Each structure stands twice: as C-alpha cells, then as structure tokens.
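Participant: sequence and predicted structure, then a few things I'm wondering about:
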Amino acid sequence: MSIDTSPFDDTAVHPHSCQCALHAGQSDGAKPSAPLEGDAVIQNAVNAAVMANIFPSDLDRRRVLKAVGGATFAAALMDVLPLGHAAEAFAQTRPLEKTKLAIGFIPITCATPILMAKPLCFYEKQGLDVSLVKTAGWAVIRDKTLNGEYDAAHMLAPMPLAIDMGIGSSPVPYRIGAIENVNGQAITLALKHKDKRNPRQWKGMKLAVPFDYSMHNYLLRYYLAEAGLDPDRDVQIRVVPPPEMVANLRAGNIDGFLAPDPVNQRAVYDKVGFIHLLSKQIWNGHPCCSFASSDAFARSAPNSYAALLRALLYSTAYAQKPQNRKQIASAIAPAAYLNQPETVVEQVLTGTYADGLGNVKRDPNRVAFNPFPYQAFGVWILTQMKRWGQIKGDVNYQAIAARVFQESDALAALRANGMAASAAPGRGFTIMGKPFNPAQPAAYLNSFRIKRT
C-alpha cells in the first residue's frame with residue numbers, strides 16, 4: 001500500500017505556527033503541493049482503496065468495472081460500507097477531550113512516524129501536546145499502557161493481539177489504529193560467522209529477538225523452519241531488548257539476531273556484525289510495528305484519538321516519500337529519539353547501506369511506511385502464535401483479527417483526509433514462496449511440518 005500526500009496543503013508538513021527547531025526560520029511553501037480539490041478526490045481515493053482490496057488483481061478490477069460501471073460500483077460500495085459518520089469524525093476538528101498525551105516508544109526506526117511527528121510538528125498541527133517517552137523494553141511499554149501511564153504506544157504488531165487475548169497479561173480490549181512500518185528488519189550475524197550463510201549451518205547458535213510476541217520472532221522461526229531447523233531444539237532463541245543487542249553481539253553472548261533497525265546497521269557501523277539478509281527477503285511487505293492504544297482510550301476520547309491518528313497518517317505519508325528520508329534521519333537521530341549516529345539512521349531510511357561484508361547495497365524499500373492495518377496481517381500472526389504454542393485450543397482467527405486490526409478506523413481516516421490505500425495484501429500474500437490465504441488459516445497452519453501444535 002502507498003499513500004499520496006499530493007492533495008494536501010503544505011501546512012500539514014510545515015504549519016505556520018510551528019516553532020520547532022527543525023522548521024524555525026523555514027519559509028512557508030518550501031515544498032509546495034497541489035491543494036485538495038473537493039470531496040470527489042476523497043471519494044475516488046476510498047473507492048480505489050476498497051476496490052484494490054476486494055479485487056487484488058488488476059484484471060479482475062477491470063472486468064468488474066467493465067461489467068457494472070464505476071458509478072454503480074461506487075454506489076454499491078457506500079451501501080455496504082457506510083463510513084460517513086466515521087469519516088466526519090476523522091475529518092473535522094472537534095473539541096479534544098484531552099490535548100496532553102503521553103506515547104511510549106522504543107528507540108528504533110520502526111517508530112519513525114511517531115517520532116518525527118514531534119520535531120516536524122504533525123502533533124502540534126492537530127492541537128495535540130504529545131510527550132514521547134523513551135522506554136526500556138516491550139514488557140514495560142505493555143505494562144505502562146495497561147496502567148494508564150501512556151495514552152497510546154509504539155508496539156510490535158503482535159503485541160495488541162496478545163494483550164487483547166490475555167496472553168502474557170490480563171486480557172484488555174486493544175486496537176491497532178495504524179501500522180507504523182513494513183519491512184525494516186534484518187538478520188545480523190557476528191563477523192566470525194561470515195562463512196555460514198546457509199541457515200542449516202546455524203545449529204547450536206544463540207539468536208536474539210526483541211520480544212516473544214514480535215514479527216521478529218515469527219519471521220526468524222519461519223526462516224529457520226523452512227531451512228529444516230527446529231527453532232526450539234536446534235538453536236536457542238533469546239529475548240534481548242533492541243538497545244542491548246549490539247553489546248551482546250560484541251560480547252559473544254549471542255551469535256546473531258533478527259532485529260529492528262537501526263540495530264542491524266549499528267552492528268555494521270561498530271564492525272561487530274554483518275547483515276545476512278533483510279526481512280523483506282523473507283516476506284516483502286510484512287508489518288513490523290504499530291500505533292496502538294486501549295479500546296477504552298479510543299472510546300473515552302474519540303476526538304483526541306482521531307486527531308492522533310490524523311497526525312500519524314500525515315507523518316507516515318511524509319515518511320514514505322524518498323526525498324524526505326535524509327531530513328527525517330536528521331530529525332530523529334538525536335538522543336531524545338534514537339540516540340544514533342545520523343549516518344546509521346540515514347543508511348536505514350534511504351536504503352543505501354553498508355552490509356558489513358565490504359559491499360554497499362541499495363534497496364529503497366528496506367523500510368517503508370504504510371499505515372493500513374490489514375486484518376490479514378492479524379490472521380497470519382495468529383497462525384504463528386498457534387504454530388509455536390503461544391495459543392492453546394481453538395482460535396477464531398477472523399474475529400480476533402477484526403477486533404484488533406482496525407481497518408474501518410484507518411479507512412475512514414484515509415478517506416476523510418484524501419489519502420488512499422493502494423493494492424496490498426488484503427486477500428493474502430506469499431512468504432518464502434508459500435502462499436497464505438487469510439480465509440483458510442487452519443489449512444495453512446496444518447501445512448507446516450515443523451510446529452508445536
């Protein structure tokens with residue numbers, strides 16, 4: 001999915017009232033863009049988004065439009081998706097129930113839209129005074145959101161599912177309003193293992209992931225199992241907070257990790273590791289982190305929640321444009337955010353990077369910022385939680401994913417603000433050559449030879 005900010009006035013990026021250090025003295029109109037041209041643009045964007053998800057194939061879409069006509073399809077669409085009231089809530093500026101908000105984050109580039117929205121004034125533009133609170137680990141993020149210290153948080157995409165189901169904590173209704181990033185992870189190994197590029201050679205290794213309920217854990221397990229290794233028997237997988245991973249690699253406590261960036265690039269920068277592969281080489285377009293909150297916060301402060309989601313959609317749209325990546329790296333590298341050398345962050349965001357083996361690689365999609373929380377993502381995550389024994393008993397995959405991955409909120413917000421979701425994995429995707437159909441999760445799970453269930 002991609003989002004286009006061209007319909008937006010530049011004040012969404014450089015508001016006249018913005019007094020942040022990054023924009024101080026910057027002239028208005030530095031990056032002019034075309035103005036929004038009425039409700040037709042919004043409606044067309046929504047129609048395109050939904051059409052792409054109902055009919056992922058270009059050929060199928062053309063056949064439908066030829067058969068029934070665009071106007072007929074649009075009318076039918078609004079009959080089955082009455083998003084008018086929700087769109088109004090996201091589009092209009094209504095009195096905010098709460099303007100001072102606290103958001104917890106882990107200092108990794110997956111949090112880019114949440115982080116950059118502070119120095120680039122996206123929160124301020126929506127009337128919000130947001131405090132970004134750097135947090136030590138994912139369990140702390142979870143606990144502080146559950147006890148109300150944080151209004152919302154940067155969370156690994158599987159975490160809200162686990163919280164909602166009461167896995168690892170008491171069950172609390174939770175929701176994902178937006179995906180913070182797709183791709184943006186890598187497998188990094190210690191330099192002493194540079195001759196072990198085949199994962200079949202990794203038997204006995206100690207490998208780290210940032211949390212049990214993480215895409216990192218599930219993708220590493222998937223990758224190992226496809227190579228014929230049992231992740232629970234042939235290797236040791238340990239949980240290590242991202243800020244501590246490079247130090248543990250340097251000390252020899254671990255042989256490698258599947259980690260979020262900039263951890264991988266920092267290992268290269270410090271000359272203690274090399275990038276074995278990017279996570280997009282396992283699953284191109286996979287979700288990583290999310291913007292999440294309790295259902296109680298979203299319901300008790302709906303206008304504040306909508307304003308927060310609007311700010312993040314604008315921020316995400318700005319982050320997705322390649323020409324903005326160097327500016328963003330400069331904004332989020334400082335100690336208050338990532339506390340990393342700017343060159344490390346820039347290599348991650350631009351996709352031009354050293355791999356630790358003497359090569360310079362170029363991949364502009366090393367990390368991407370696409371906010372739509374497809375329920376299919378949630379269904380896949382649930383199959384992996386079930387596969388590795390984190391969920392016991394029967395699982396209502398579709399109902400749980402729909403409850404947590406809030407497609408309707410995201411679609412309403414995109415519609416109301418003139419942005420659209422393009423063709424993306426609403427109906428399935430392929431991981432290491434194996435297709436996944438979210439309508440048949442049980443059959444998918446049963447197809448794996450290596451599993452705990």
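Facilitator: Yep, it's here.

Participant: who are the packing partners of the longest helix seen in the chain?
Facilitator: Ranked by number of residues, the top helix in the chain under DSSP state H is helix 302-320. Where contact means 3 or more C-beta pairs under 8 Å, 6 or more residues apart in numbering; DSSP states H and E, helix 302-320 is packed against helix 84-91, helix 112-116, helix 122-125, strand 174-179, strand 289-294, helix 325-332, helix 407-416. Where C-beta positions appear, they are placed from N, C-alpha and C, glycine not excepted.

Participant: strand partners (parallel or antiparallel) of the next helix or strand after the last one?
Facilitator: By that I understand helix 407-416. The helix or strand immediately downstream of helix 407-416 is strand 429-431, counting by DSSP states H and E. In the sheet, strand 429-431 lines up against strand 434-436 (antiparallel) (DSSP bridges).

Participant: starting at the chain centroid, how far to the strand it pairs with?
Facilitator: For strand 434-436, the gap between its own C-alpha mean and the chain's C-alpha mean amounts to 21 Å (C-alpha atoms, centre = their mean, to the nearest Å).

Participant: cool, stretch 429-443 as well?
Facilitator: When distances are taken as C-alpha atoms, centre = their mean, stretch 429-443 is centred 20 Å away from the chain's centroid.

Participant: show residues contacting it.
Facilitator: Contacts with stretch 429-443, where a contact means C-beta atoms under 8 Å, 6 or more residues apart in numbering, come from 222-223, 226, 282-283, 285-286, 375-376, 379-380, 382-383, 395, 397-398, 401, 427-428, 444, 447.

Participant: now do it, average pLDDT.
Facilitator: When pLDDT is averaged along stretch 429-443, the result is 96.

Participant: buried residues in that stretch?
Facilitator: 429, 431, 436, 438, 441 (16 or more other C-beta atoms under 10 Å).

Participant: and for stretch 124-143?
Facilitator: Residues of stretch 124-143 classed as buried by neighbour count (16+ other C-beta under 10 Å): 124-126, 128, 130, 132, 134-135, 137-139, 141-142.

Participant: cool, and stretch 257-275?
Facilitator: Residues of stretch 257-275 classed as buried by neighbour count (16+ other C-beta under 10 Å): 257-269, 272-275.

Participant: just the pLDDT for Met4.
Facilitator: One thing to correct before we go on: residue 4 is Asp, not Met. pLDDT recorded at Asp4 is 35.

Participant: the nearest residue to Asn253 once chain neighbours are set aside pairs with what?
Facilitator: Spatial nearest neighbour of Asn253, excluding adjacent residues (C-beta to C-beta, 6 or more residues apart in numbering): Lys206 at 7.2 Å. The bridge-partner assignment for Lys206, based on DSSP bridges, gives Gln236.

Participant: could you check the pLDDT of Lys206?
Facilitator: pLDDT at Lys206 comes out at 98.

Participant: okay but it is in contact with Phe257, surely?
Facilitator: No - look at Lys206 against Phe257 with C-beta atoms under 8 Å: they stay out of range, at 9.5 Å.

Participant: need the helices and strands packed on helix 302-320 in a markdown table with mean pLDDT and distance to Gln185, can you?
Facilitator: Output for the helices and strands packed on helix 302-320, formatted as a markdown table (pLDDT from 0 to 100; distance: least, C-beta to C-beta, whole Å):
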| stretch | mean pLDDT | distance to Gln185 |
| --- | --- | --- |
| helix 84-91 | 47 | 30 |
| helix 112-116 | 98 | 14 |
| helix 122-125 | 97 | 25 |
| strand 174-179 | 94 | 14 |
| strand 289-294 | 96 | 10 |
| helix 325-332 | 98 | 17 |
| helix 407-416 | 80 | 22 |
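
Participant: which of these sits closest to Pro241?
Facilitator: strand 289-294 (14.4 Å; C-beta to C-beta).

Participant: so what does the closest one touch, helix or strand wise?
Facilitator: Packed against strand 289-294, as judged by 3+ C-beta pairs under 8 Å, 6+ apart, are the following elements: helix 138-146, strand 152-156, helix 159-165, strand 174-179, helix 302-320.

Participant: thanks a lot, catch you later.
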